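# What follows is a predicted structure for the sequence shown.
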Amino acid sequence: MKKLVLVLVLSISIIGCSGNKTPQSDTEDSVTVSEPVIEKMCKEFSEDKLTPEEIAKWDSMNDEGGYLLIRGAERNLDTVVNHIRLIFITEP
């Protein structure tokens, strides 16, 4: 549960911080992420120690199509790290 809160806070901060993105061209939807979001988040989730109850909860959520959406990543990626399905998207 603490990881869920952490991810939500980090997602909100990633969305709200324009300092992490720099425009590539004149269009507002062209952005480059200067921080390796995918690497950072995957490392954090892989280091987290989950209890058997938390593992069962995340596995159940995954079976029902649940996931954590991480915006502002450097590329689109759908992956599972430590029983938690993470979907990274480039859109802010």
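Structure's in. What do you need? These numbers were taken from a predicted model, which means no experiment stands behind them.

# C-alpha only now, for contacts and for neighbours.
Noted.

# Count the neighbours of the closest residue in space to Arg75 that isn't next to it in sequence for me.
Excluding the flanking residues, the one nearest Arg75 by Cα to Cα, 6 or more residues apart in numbering is Thr90, at 5.4 Å. Other residues lying near Thr90 total 16 when counted by other Cα atoms under 10 Å.

# any idea which helix or strand carries Thr90?
For Thr90, there is no host helix or strand (DSSP states H and E).

# Phi and psi next, for Glu91.
phi -70, psi 140 (degrees, to the nearest 10).

# Look up the pLDDT of it for me, please.
We note a pLDDT of 90 for Glu91 in this prediction.

# re earlier: so the residue nearest to Arg75 versus Val81, what's the distance?
Note on Thr90: its distance to Val81, by Cα to Cα, to the nearest Å, is 19 Å.

# circling back to that earlier point, need the contact list for the residue nearest to Arg75.
By Cα atoms under 8 Å, 6 or more residues apart in numbering, Thr90 lies in contact with Arg71, Gly72, Ala73, Glu74, Arg75, Asn76.

# what about burial for these, which qualify?
Arg71, Gly72, Ala73, Glu74 (16 or more other Cα atoms under 10 Å).

# those strands in the protein, which residues are they?
Ranges of strands in the chain, per DSSP state E, are 21-23, 31-33, 68-70, 77-81, 84-88.

# okay, and for this structure, where does confidence drop off?
The chain contains residues with pLDDT under 70 at 1-35.

# Any idea how far apart the tips of stretch 72-79 sit?
Stretch 72-79 end-to-end distance (Cα to Cα) = 16 Å.

# Going forward, count from 25.
Sure thing, new numbering starts at 25, so read that last one as stretch 96-103.

# Which phi and psi values does Tyr91 adopt?
With angles defined as degrees, to the nearest 10, Tyr91 sits at phi -160, psi 170.
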